[in-house]
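*Asks:* Okay, structure incoming, though there's no sequence with it:
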(Lines give C-alpha, C1' and ligand atoms only; values in the text may rest on other atoms or scores of the structure.)
Protein backbone atom coordinates (compact mmCIF):
# COMPACT_ATOMS: atom_id res chain seq x y z
CA UNK A 1 0.00 0.00 0.00
CA UNK A 2 1.13 3.51 -0.79
CA UNK A 3 0.81 5.70 2.32
CA UNK A 4 0.93 9.48 2.69
CA UNK A 5 2.10 11.02 5.95
CA UNK A 6 0.38 14.30 6.88
CA UNK A 7 2.29 16.00 9.67
CA UNK A 8 2.56 19.35 11.42
CA UNK A 9 4.02 21.06 8.35
CA UNK A 10 1.54 19.69 5.80
CA UNK A 11 -1.69 21.77 6.11
CA UNK A 12 -1.59 25.01 4.12
CA UNK A 13 -3.76 26.74 6.71
CA UNK A 14 -6.58 26.44 9.27
CA UNK A 15 -10.12 27.73 8.92
CA UNK A 16 -11.22 29.47 12.12
CA UNK A 17 -14.65 30.42 10.75
CA UNK A 18 -15.65 26.78 10.31
CA UNK A 19 -14.24 24.90 13.25
CA UNK A 20 -13.79 21.15 13.28
CA UNK A 21 -14.78 18.88 16.14
CA UNK A 22 -12.42 19.28 19.06
CA UNK A 23 -9.91 16.47 19.58
CA UNK A 24 -7.73 15.36 22.48
CA UNK A 25 -4.71 17.02 20.86
CA UNK A 26 -6.36 20.46 20.69
CA UNK A 27 -5.19 22.61 23.57
CA UNK A 28 -7.51 25.52 22.84
CA UNK A 29 -9.40 25.84 19.55
CA UNK A 30 -10.08 23.38 16.74
CA UNK A 31 -9.87 25.16 13.34
CA UNK A 32 -10.54 23.02 10.29
CA UNK A 33 -7.29 22.15 8.44
CA UNK A 34 -6.90 23.05 4.75
CA UNK A 35 -4.80 20.66 2.66
CA UNK A 36 -3.12 21.27 -0.67
CA UNK A 37 -4.40 18.95 -3.38
CA UNK A 38 -6.73 16.90 -1.14
CA UNK A 39 -8.27 14.99 -4.06
CA UNK A 40 -4.75 14.23 -5.23
CA UNK A 41 -4.00 12.70 -1.85
CA UNK A 42 -7.22 10.68 -1.77
CA UNK A 43 -6.79 9.41 -5.33
CA UNK A 44 -3.06 8.75 -5.51
CA UNK A 45 -2.51 7.13 -2.10
CA UNK A 46 -4.05 4.01 -0.59
CA UNK A 47 -3.90 5.33 2.99
CA UNK A 48 -3.63 8.82 4.46
CA UNK A 49 -1.75 8.66 7.76
CA UNK A 50 -2.20 11.77 9.91
CA UNK A 51 0.05 12.50 12.84
CA UNK A 52 -3.11 13.45 14.74
CA UNK A 53 -6.83 13.99 14.03
CA UNK A 54 -6.42 17.76 14.49
CA UNK A 55 -4.54 17.91 11.16
CA UNK A 56 -7.35 16.18 9.24
CA UNK A 57 -10.26 18.10 7.64
CA UNK A 58 -13.55 17.50 9.42
CA UNK A 59 -15.32 15.57 6.67
CA UNK A 60 -12.37 13.21 6.11
CA UNK A 61 -12.01 12.01 9.69
CA UNK A 62 -14.29 8.99 9.39
CA UNK A 63 -13.00 7.69 6.05
CA UNK A 64 -11.81 4.05 5.98
CA UNK A 65 -8.52 4.99 4.31
CA UNK A 66 -7.67 7.68 6.89
CA UNK A 67 -5.78 6.84 10.10
CA UNK A 68 -4.23 8.71 13.05
CA UNK A 69 -0.90 7.72 14.57
CA UNK A 70 -1.63 9.02 18.06
CA UNK A 71 -4.99 7.20 18.34
CA UNK A 72 -3.90 3.80 17.10
CA UNK A 73 -0.72 3.11 19.05
CA UNK A 74 1.44 3.89 16.01
CA UNK A 75 3.06 7.07 17.30
CA UNK A 76 6.78 6.40 17.88
CA UNK A 77 8.36 7.21 21.23
CA UNK A 78 10.19 10.53 21.03
CA UNK A 79 12.36 12.08 23.69
CA UNK A 80 12.34 15.78 24.51
CA UNK A 81 16.00 15.89 23.48
CA UNK A 82 15.23 14.50 20.03
CA UNK A 83 12.39 16.95 19.53
CA UNK A 84 14.51 19.90 20.70
CA UNK A 85 17.35 18.91 18.37
CA UNK A 86 15.05 18.60 15.36
CA UNK A 87 13.50 22.00 16.13
CA UNK A 88 16.94 23.54 16.49
CA UNK A 89 18.25 22.28 13.16
CA UNK A 90 15.06 23.18 11.28
CA UNK A 91 14.85 26.64 12.84
CA UNK A 92 18.57 27.27 12.44
CA UNK A 93 18.40 26.60 8.71
CA UNK A 94 15.34 28.81 8.34
CA UNK A 95 16.94 31.77 10.12
CA UNK A 96 20.44 31.50 8.62
CA UNK A 97 19.28 31.14 5.02
CA UNK A 98 16.43 33.66 5.27
CA UNK A 99 14.05 31.20 3.64
CA UNK A 100 11.56 32.75 1.23
CA UNK A 101 8.25 30.91 1.14
CA UNK A 102 5.39 31.32 -1.28
CA UNK A 103 3.18 34.08 0.25
CA UNK A 104 0.49 32.65 2.49
CA UNK A 105 -2.46 34.49 0.88
CA UNK A 106 -1.38 33.36 -2.57
CA UNK A 107 -1.04 29.78 -1.38
CA UNK A 108 -4.45 29.53 0.29
CA UNK A 109 -6.21 31.09 -2.71
CA UNK A 110 -4.68 28.41 -4.91
CA UNK A 111 -5.77 25.81 -2.36
CA UNK A 112 -9.42 26.67 -2.96
CA UNK A 113 -10.13 29.08 -0.08
CA UNK A 114 -13.37 31.07 -0.33
CA UNK A 115 -14.81 34.18 1.31
CA UNK A 116 -16.80 32.11 3.82
CA UNK A 117 -13.55 30.86 5.34
CA UNK A 118 -11.31 32.68 7.79
CA UNK A 119 -7.96 30.97 7.26
CA UNK A 120 -4.85 31.59 9.31
CA UNK A 121 -1.49 29.99 8.67
CA UNK A 122 -1.34 28.06 11.96
CA UNK A 123 -3.30 26.06 14.49
CA UNK A 124 -3.16 26.72 18.21
CA UNK A 125 -0.97 24.47 20.31
CA UNK A 126 -1.30 20.71 19.82
CA UNK A 127 -0.36 18.03 22.35
CA UNK A 128 0.75 14.88 20.50
CA UNK A 129 2.62 12.56 22.83
CA UNK A 130 5.84 14.42 23.70
CA UNK A 131 5.26 16.96 20.90
CA UNK A 132 3.96 20.39 21.94
CA UNK A 133 3.69 22.48 18.78
CA UNK A 134 1.50 24.69 16.65
CA UNK A 135 0.95 23.21 13.21
CA UNK A 136 2.09 25.42 10.32
CA UNK A 137 4.20 25.33 7.17
CA UNK A 138 7.52 25.90 8.92
CA UNK A 139 10.85 24.19 8.49
CA UNK A 140 10.96 23.48 12.22
CA UNK A 141 7.74 21.50 11.92
CA UNK A 142 9.05 19.76 8.82
CA UNK A 143 12.04 18.63 10.90
CA UNK A 144 9.63 17.21 13.49
CA UNK A 145 7.74 15.39 10.74
CA UNK A 146 11.05 13.97 9.49
CA UNK A 147 11.85 12.83 13.00
CA UNK A 148 8.51 11.05 13.37
CA UNK A 149 8.87 9.33 9.97
CA UNK A 150 12.43 8.26 10.69
CA UNK A 151 11.15 6.23 13.63
CA UNK A 152 8.13 4.62 12.01
CA UNK A 153 8.34 0.90 11.33
CA UNK A 154 5.72 1.13 8.59
CA UNK A 155 6.71 0.68 4.95
CA UNK A 156 6.04 2.84 1.90
CA UNK A 157 5.13 5.99 3.79
CA UNK A 158 5.79 9.34 2.11
CA UNK A 159 5.95 12.76 3.73
CA UNK A 160 3.59 15.25 2.11
CA UNK A 161 4.91 18.79 1.67
CA UNK A 162 2.64 21.73 0.91
CA UNK A 163 3.15 24.29 -1.82
CA UNK A 164 4.48 27.09 0.41
CA UNK A 165 7.76 25.42 1.18
CA UNK A 166 7.98 22.59 -1.32
CA UNK A 167 10.28 24.62 -3.63
CA UNK A 168 12.76 24.85 -0.74
CA UNK A 169 12.71 21.10 -0.25
CA UNK A 170 12.94 20.39 -3.95
CA UNK A 171 15.87 22.72 -4.61
CA UNK A 172 18.05 21.07 -1.98
CA UNK A 173 16.71 17.53 -2.17
CA UNK A 174 17.92 17.05 -5.73
CA UNK A 175 21.49 17.59 -4.50
CA UNK A 176 21.11 15.20 -1.57
CA UNK A 177 23.69 12.52 -0.84
CA UNK A 178 20.92 9.93 -0.55
CA UNK A 179 19.12 10.78 -3.76
CA UNK A 180 19.47 8.51 -6.78
CA UNK A 181 16.86 10.11 -8.98
CA UNK A 182 15.67 8.28 -12.06
CA UNK A 183 12.82 10.55 -13.10
CA UNK A 184 10.64 13.30 -11.72
CA UNK A 185 7.04 12.30 -12.43
CA UNK A 186 4.82 15.38 -12.75
CA UNK A 187 1.07 14.88 -12.93
CA UNK A 188 -0.78 17.89 -14.32
CA UNK A 189 -4.30 19.18 -13.69
CA UNK A 190 -5.25 17.03 -10.72
CA UNK A 191 -8.89 17.97 -9.99
CA UNK A 192 -9.63 19.20 -6.47
CA UNK A 193 -12.58 20.41 -4.45
CA UNK A 194 -13.12 22.23 -1.15
CA UNK A 195 -16.09 23.12 1.07
CA UNK A 196 -16.16 24.65 4.57
CA UNK A 197 -16.39 21.13 6.04
CA UNK A 198 -13.46 19.87 4.00
CA UNK A 199 -12.68 18.34 0.60
CA UNK A 200 -14.39 14.96 0.79
CA UNK A 201 -17.41 13.97 -1.31
CA UNK A 202 -18.69 10.38 -1.73
CA UNK A 203 -17.96 10.46 -5.48
CA UNK A 204 -14.26 10.20 -4.60
CA UNK A 205 -14.78 6.57 -3.54
CA UNK A 206 -15.77 5.49 -7.04
CA UNK A 207 -12.72 7.14 -8.60
CA UNK A 208 -10.29 5.69 -6.04
CA UNK A 209 -11.06 2.26 -7.51
CA UNK A 210 -10.28 3.32 -11.07
CA UNK A 211 -7.99 0.66 -12.58
CA UNK A 212 -5.34 3.13 -13.76
CA UNK A 213 -5.15 4.83 -10.36
CA UNK A 214 -4.94 1.50 -8.53
CA UNK A 215 -2.19 0.41 -10.95
CA UNK A 216 -0.39 3.72 -10.43
CA UNK A 217 -0.34 3.38 -6.64
CA UNK A 218 1.13 -0.09 -7.03
CA UNK A 219 3.57 0.89 -9.79
CA UNK A 220 5.09 3.86 -8.00
CA UNK A 221 6.14 1.61 -5.11
CA UNK A 222 7.97 -0.67 -7.52
CA UNK A 223 9.93 1.92 -9.48
CA UNK A 224 13.73 1.75 -9.37
CA UNK A 225 16.83 2.80 -11.26
CA UNK A 226 15.77 0.66 -14.23
CA UNK A 227 12.59 2.65 -14.78
CA UNK A 228 12.69 4.08 -18.30
CA UNK A 229 11.55 7.54 -19.37
CA UNK A 230 9.10 5.84 -21.73
CA UNK A 231 7.53 3.89 -18.86
CA UNK A 232 7.25 7.03 -16.74
CA UNK A 233 5.68 8.94 -19.65
CA UNK A 234 3.17 6.17 -20.32
CA UNK A 235 2.14 6.00 -16.66
CA UNK A 236 1.80 9.78 -16.52
CA UNK A 237 -0.45 9.71 -19.60
CA UNK A 238 -2.65 6.94 -18.21
CA UNK A 239 -3.07 8.57 -14.81
CA UNK A 240 -3.81 12.01 -16.26
CA UNK A 241 -6.37 10.42 -18.58
CA UNK A 242 -8.05 8.75 -15.59
CA UNK A 243 -8.08 12.04 -13.68
CA UNK A 244 -9.53 13.91 -16.65
CA UNK A 245 -12.22 11.27 -17.07
CA UNK A 246 -13.04 11.56 -13.36
CA UNK A 247 -13.43 15.31 -13.67
CA UNK A 248 -15.45 15.31 -16.90
CA UNK A 249 -17.71 12.34 -16.22
CA UNK A 250 -18.11 12.36 -12.43
CA UNK A 251 -16.93 15.42 -10.54
CA UNK A 252 -18.53 18.00 -12.85
CA UNK A 253 -21.88 16.25 -12.60
CA UNK A 254 -22.07 16.09 -8.84
CA UNK A 255 -19.84 18.83 -7.42
CA UNK A 256 -20.30 22.60 -7.36
CA UNK A 257 -18.03 23.96 -10.16
CA UNK A 258 -17.29 27.07 -8.11
CA UNK A 259 -15.43 24.93 -5.59
CA UNK A 260 -13.11 23.27 -8.12
CA UNK A 261 -9.40 23.98 -8.49
CA UNK A 262 -6.47 22.06 -9.95
CA UNK A 263 -3.06 21.06 -8.68
CA UNK A 264 0.16 19.46 -9.84
CA UNK A 265 1.53 16.33 -8.18
CA UNK A 266 5.25 15.59 -8.15
CA UNK A 267 6.80 12.22 -7.37
CA UNK A 268 10.51 11.47 -7.34
CA UNK A 269 11.38 8.04 -8.67
CA UNK A 270 14.51 6.03 -7.96
CA UNK A 271 16.26 3.45 -5.80
CA UNK A 272 17.63 5.28 -2.77
CA UNK A 273 15.29 8.21 -2.39
CA UNK A 274 14.78 7.71 1.33
CA UNK A 275 13.97 10.53 3.73
CA UNK A 276 17.10 12.60 3.25
CA UNK A 277 16.88 15.98 4.95
CA UNK A 278 16.35 18.25 1.95
CA UNK A 279 16.91 21.54 3.75
CA UNK A 280 20.66 21.07 3.83
CA UNK A 281 21.25 18.50 1.13
CA UNK A 282 22.86 16.20 3.69
CA UNK A 283 21.81 13.85 6.47
CA UNK A 284 24.57 15.06 8.79
CA UNK A 285 22.56 17.64 10.74
CA UNK A 286 19.75 15.33 11.75
CA UNK A 287 22.15 12.45 12.26
CA UNK A 288 23.81 14.60 14.91
CA UNK A 289 20.36 15.07 16.41
CA UNK A 290 20.02 11.31 16.72
CA UNK A 291 17.64 10.89 13.80
CA UNK A 292 18.52 7.84 11.71
CA UNK A 293 17.16 8.78 8.33
CA UNK A 294 18.67 5.81 6.51
CA UNK A 295 17.18 3.18 8.82
CA UNK A 296 13.97 2.72 6.90
CA UNK A 297 14.68 2.62 3.16
CA UNK A 298 11.00 2.12 2.42
CA UNK A 299 10.27 5.73 3.25
CA UNK A 300 10.16 8.27 0.44
CA UNK A 301 9.78 12.01 0.15
CA UNK A 302 6.79 13.32 -1.75
CA UNK A 303 5.19 16.68 -2.30
CA UNK A 304 2.19 18.28 -3.93
CA UNK A 305 2.57 21.66 -5.56
CA UNK A 306 -0.72 23.45 -6.06
CA UNK A 307 -1.21 25.05 -9.44
CA UNK A 308 -3.36 28.05 -10.33
CA UNK A 309 -7.10 27.70 -9.87
CA UNK A 310 -9.15 27.46 -13.00
CA UNK A 311 -12.79 27.79 -13.96
CA UNK A 312 -14.52 24.57 -14.93
CA UNK A 313 -15.67 24.66 -18.53
CA UNK A 314 -19.11 26.27 -18.55
CA UNK A 315 -20.37 23.99 -21.29
CA UNK A 316 -20.07 21.06 -18.89
CA UNK A 317 -21.96 22.60 -15.99
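*Replies:* Everything's here; your move. On a predicted model such as this, the values are computed, not experimentally measured, just so you know.
*Asks:* I'd guess residue 192 is in a strand, am I close?
*Replies:* Yes: Residue 192 forms part of a strand when assessed by DSSP: H, G, I helix; E, B strand; the rest coil.
*Asks:* what pairs with it across the strands?
*Replies:* Counting by DSSP bridges, residue 192 forms beta bridges with residue 261.
*Asks:* What's the local residue count around it?
*Replies:* Neighbour count for residue 192, taken as other Cβ atoms under 10 Å: 29. Just so you know, the C-beta spots here come from the backbone N, C-alpha and C atoms, and that holds for glycine as well.
*Asks:* Repeat that for residue 155.
*Replies:* Residue 155 has 12 neighbours, counted by other Cβ under 10 Å.
*Asks:* quick one: pLDDT of it?
*Replies:* Residue 155 carries a pLDDT value of 74.
*Asks:* again with residue 211
*Replies:* 91.
*Asks:* Quick check: closest non-adjacent residue to it.
*Replies:* residue 242 (7.9 Å; Cβ to Cβ, 6 or more residues apart in numbering).
*Asks:* could you list every residue that touches the one you found?
*Replies:* 207, 210-213 (Cβ atoms under 8 Å, 6 or more residues apart in numbering).
*Asks:* residue boundaries of the helices in this structure?
*Replies:* 38-44, 80-96, 104-110, 139-150, 166-173, 203-208, 211-222, 229-246, 252-254, 284-288 (DSSP state H).
*Asks:* Would you reformat the ones you listed as a markdown table and include distance to residue 128?
*Replies:* Formatted as a markdown table, the helices of the chain follow (distance: least, Cβ to Cβ, whole Å):
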| stretch | distance to residue 128 |
| --- | --- |
| helix 38-44 | 20 |
| helix 80-96 | 10 |
| helix 104-110 | 23 |
| helix 139-150 | 9 |
| helix 166-173 | 22 |
| helix 203-208 | 27 |
| helix 211-222 | 27 |
| helix 229-246 | 33 |
| helix 252-254 | 35 |
| helix 284-288 | 19 |
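*Asks:* closest to residue 130 out of those?
*Replies:* With Cβ to Cβ as the measure, helix 80-96 is the member of the helices of the chain nearest residue 130 (6.0 Å).
*Asks:* hang on, the earlier thing: which one of the helices of the chain lies closest to residue 266?
*Replies:* Of all these, helix 166-173 comes closest under Cβ to Cβ, at 7.6 Å.
*Asks:* Just want the most central residue of the protein.
*Replies:* Taking Cα atoms, centre = their mean, the centroid of the chain lies closest to residue 160, which sits 2.6 Å from it.
*Asks:* Any idea what it is bridged to?
*Replies:* Beta-bridge pairing for residue 160 (DSSP bridges): residue 302.
*Asks:* I'd assumed residue 10 was in contact with it.
*Replies:* Yes: here residue 160 reaches residue 10: they are 5.0 Å apart, a contact under Cβ atoms under 8 Å.
*Asks:* Point out where the stretch 1-150 of the chain drops to low pLDDT.
*Replies:* The model of the stretch 1-150 of the chain has pLDDT under 70 over residues 93-101.
*Asks:* circling back: whichever of the contacts of residue 242 end up buried, select them in PyMOL.
*Replies:* Buried members of the contacts of residue 242, defined by 16 or more other Cβ atoms under 10 Å, are picked up in PyMOL with:
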select buried, resi 207+210+212+213
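*Asks:* Out of the contacts of residue 242, the closest to residue 148 would be?
*Replies:* Closest to residue 148, out of all of those and judged by Cβ to Cβ, is residue 213, at 27.3 Å.
*Asks:* correct me, but that closest one touches residue 42?
*Replies:* No: under the criterion of Cβ under 8 Å, residue 213 makes no contact with residue 42, lying 10.1 Å away.
*Asks:* Residue 252 versus residue 194, what's the distance?
*Replies:* 16 Å (Cβ to Cβ, to the nearest Å).
*Asks:* These two: which has the busier surroundings?
*Replies:* Neighbour tally, residue 194 and residue 252, criterion other Cβ under 10 Å: the higher count belongs to residue 194, 22 against 17.
*Asks:* Show me where the stretch 151-300 of the chain dips below the pLDDT cut-off.
*Replies:* Along the stretch 151-300 of the chain, the model assigns pLDDT under 70 to residues 166-184, 224-226, 268-300.
*Asks:* I'd like the distance between the residue nearest to the centre of the chain and residue 5.
*Replies:* On the measure of Cβ to Cβ, residue 160 and residue 5 end up 6 Å apart.
*Asks:* how many neighbours does the closest residue to residue 19 other than its chain neighbours have?
*Replies:* Excluding the flanking residues, the one nearest residue 19 by Cβ to Cβ, 6+ apart is residue 30, at 5.2 Å. Per other Cβ under 10 Å, the neighbour tally for residue 30 reads 20.
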